[in-house]
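> coords please:
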Amino acid sequence: MDSDLKSRLFVLVIVVLVWFIFTECNGAISTDTWNHGRCKCGGHWVYQQAIGRGRYSLDTHYIYKCDKCGRIVELTNYYQ
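Purely as a prediction, here's the structure:
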């Protein structure tokens, strides 16, 4: 393998690793916010809508609203 190919492969591996770490961390944050369906006020998260599934977006985010305090959160995972 020549050095140019090795450099490109190295960059590709780094990009894939960064993407993987970002998606895993983002999912963990989403799970913490979901908190088994409970808002900090004691209410429950109610699904509102999905957003971001547009022409140029690969990620879909989900909007939930607390049935008690009205707080709205945008999560990267869909929960039932």
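> and the contacts of the helix or strand hosting Trp45?
Counting by DSSP states H and E, the secondary-structure element that holds Trp45 is strand 45-51. Residues lying outside strand 45-51 but in contact with it, judged by C-beta atoms under 8 Å, 6 or more residues apart in numbering, are 34, 37-39, 60-67, 72-74, 78-80. The C-beta positions use only the backbone N, C-alpha and C, and glycine is treated the same way.
> ok, now with 7 Å
Counting by C-beta atoms under 7 Å, 6 or more residues apart in numbering, the neighbours of strand 45-51 from elsewhere in the structure are Trp34, Gly37, Cys39, Thr60, His61, Tyr62, Ile63, Tyr64, Lys65, Cys66, Asp67.
> tell me which strands the helix or strand following that strand pairs with, and in which orientation.
Towards the C-terminus, the helix or strand next in line after strand 45-51, according to DSSP H and E, is strand 61-66. Each strand that pairs with strand 61-66, with its direction, by DSSP bridges: strand 45-51 (antiparallel), strand 72-75 (antiparallel).
> CA atoms of strand 61-66 as PDB?
Output in PDB follows, covering the C-alpha atoms of strand 61-66 (Å, rounded to 0.1, in the frame of the first residue of the first chain):
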ATOM      1  CA  HIS A  61     -35.800  13.300  16.100                       C
ATOM      2  CA  TYR A  62     -38.900  12.800  18.200                       C
ATOM      3  CA  ILE A  63     -40.800  15.500  20.100                       C
ATOM      4  CA  TYR A  64     -42.400  14.600  23.500                       C
ATOM      5  CA  LYS A  65     -44.400  16.900  25.700                       C
ATOM      6  CA  CYS A  66     -45.000  16.500  29.500                       C
END
